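Return a 3D structure for these sequence lines:
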Amino acid sequence: MALGLLCLSGCASVVTEPGRYGVPAGTGEGANAPYQRLDQDQDQVNQLLELRRRIEPPLATSEQVKNFTGAEAGIYRLGPGDEFSLLVRGREDASVPLATVSPDGLVSLPRIGLVKIQGMSLPEATDFVRKALEQYYIDPEVTLLMRSFKNNKVLMLGQVANPGIIHIPASASLLEAIAMAGGVVKDTQGNSPPINRGIIGRGKEQVIWIDLKDLIENGNLALNARLQNGDVVLIPQGQASLAYVLGEVRNQGTLLLRSPMSVLDALTQAGGLTKDADPSRIYLVRSEKNSGVVEQINMETLVENADFRKNYILREGDLVFVPQRGVSNFHYYMSRLLPSLTLMDLYNTTGN
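Okay, here's the model as predicted:
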């Protein structure tokens, strides 16, 4: 029997309106078929809705962006490839028109010799050089001027003209980084596609989702996060719609809904089911404003009987989840999966 749609508010079951999930793929037969009213395992439903919530955290608030930026914002740390001028007033013999930091973080300076400067800010490096020169000069006036920023690197991915590594100064913001990567890719008619969100990854643990629509269209500069060395910025392609496939599929990840994609299409894009998958219990999880709904799909029945009424077209944010085979293992499987899941692998992304 089919598993009906369920509400997040705690009701056990619900009768849904016809066509709630949109027109199914294929011939469209059954698009208006009503769902059945059935009693459900609410704990199982809540686990699925929690899984859906975790793979796409809400867009960051201004306060969260501020905290993410951190105390290092605006502080540039010298490193390999950086070039600067050393000026010592009245002492040309101690000045250098152009000094380059070597790959091991060292730089050769007159009088001082070979010193490790990597990791120092410009004021710290200036003070270091001044103190080193005090053994030769009385109150030396030292100035370090940056000529080329090469150490701070940000990896730009997704829908930008020139994806790859860019070099940023200390004060670079998200919007400046997008501009440095050539801006958003235009379509064949020369129009810029809509930009709804951007994602910044920092290290292995920190990920923040930025509401670029609010930032750009409304001028909410509080969302214009300052970047740090090593950050990864992703402007997802196919900004209009993203969906997700998780569980017992060969390639878990994000789906780009550039064109209508059904549940069956999504499973194909994910490389198909694993040998441990339960094709009779595939879940479509959808978040709608302040509520959520879950629909169970028996893919074996769908394919064998060519009954495509439940081969629903995916919407923005939908999750297709494939559990392990065996009803008794569902809660155990979810209890192992949920604590370890913080965010879908942002870069494991495929499109149709």
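
Make sure residue 137 is actually in contact with residue 95.
No. If you go by Cβ atoms under 8 Å, residue 137 and residue 95 don't touch, sitting 11.8 Å apart. Placement of C-beta: from N, CA and C, glycine included.

Touching both of those two, which residues are there?
Both residue 137 and residue 95 are in contact with residue 88, where contact means Cβ atoms under 8 Å, 6 or more residues apart in numbering.

Can you check my assumption that residue 146 lies in a helix?
No. Counting by DSSP: H, G, I helix; E, B strand; the rest coil, residue 146 is located in no helix; its state is strand.

what's the distance between it and residue 83?
Separation of residue 146 from residue 83 (Cβ to Cβ, to the nearest Å): 8 Å.

Model confidence at residue 43, what's the number?
The per-residue pLDDT reported for residue 43 equals 71.

Run a quick neighbour tally on it.
10 (other Cβ atoms under 10 Å).

For residue 212, see how far away it is.
Per Cβ to Cβ, residue 43 is found 37 Å from residue 212.

which residue sits closest to the residue most central in space within the chain, ignoring its sequence neighbours?
The residue lying closest to the centre of the chain (Cα atoms, centre = their mean) is residue 199, at 3.8 Å. Nearest residue to residue 199, sequence neighbours excluded (Cβ to Cβ, 6 or more residues apart in numbering): residue 234, at 4.4 Å.

Now the one you found. Its backbone dihedrals?
Dihedral angles of residue 234 (phi, psi; degrees, to the nearest 10) stand at phi -120, psi 120.

In the sheet, which residues pair with it? Tell me.
As for beta bridges, residue 234 partners with residue 157, residue 199 under DSSP bridges.

change the start of the numbering to 30 and stick with it
Got it, the first residue is 30 from now on, which makes the last one we talked about residue 263.

tell me the pLDDT at it?
According to the prediction, residue 263 has pLDDT 89.

Residue 330 belongs to a strand?
No. Counting by three-state DSSP, residue 330 is not part of a strand but helix.

ok, it touching residue 336?
Yes. In this structure, residue 330 is within contact of residue 336 by Cβ under 8 Å, at 6.4 Å.

State the distance from residue 299 to residue 198.
Look at residue 299 and residue 198: by Cβ to Cβ, they are 40 Å apart.

and what of residue 189?
19 Å.

More neighbours: these two, which one.
Ranked by neighbour count (other Cβ under 10 Å), residue 189 and residue 198 place residue 189 first, with 22 against 12.

What does the residue nearest to that one when sequence neighbours are not counted show for phi and psi?
Excluding the flanking residues, the one nearest residue 189 by Cβ to Cβ, 6+ apart is residue 210, at 4.1 Å. Dihedral pair for residue 210: phi -90, psi 10, per degrees, to the nearest 10.

now do residue 147
Main-chain dihedrals, residue 147, degrees, to the nearest 10: phi -60, psi 140.

pLDDT at it, what is it?
93.

do the one 3 residues further on as well
According to the prediction, residue 150 has pLDDT 91.

For it, give its distance to residue 255.
For residue 150 relative to residue 255 (Cβ to Cβ), the value is 15 Å.

Could you do residue 173 as well?
22 Å.

those helices in the stretch 80-229 of the chain, which residues are they?
Using DSSP state H, counting those that start in this stretch, the helices found in the stretch 80-229 of the chain span residues 91-98, 151-162, 203-209.

Mind listing what's buried along the second one?
By 16 or more other Cβ atoms under 10 Å, the buried positions in helix 151-162 come out as 151, 154, 155, 157, 158, 159, 161, 162.

Check which helices and strands it sits against.
In terms of contacts (3 or more Cβ pairs under 8 Å, 6 or more residues apart in numbering; DSSP states H and E), helix 151-162 is packed against strand 112-117, strand 171-177.
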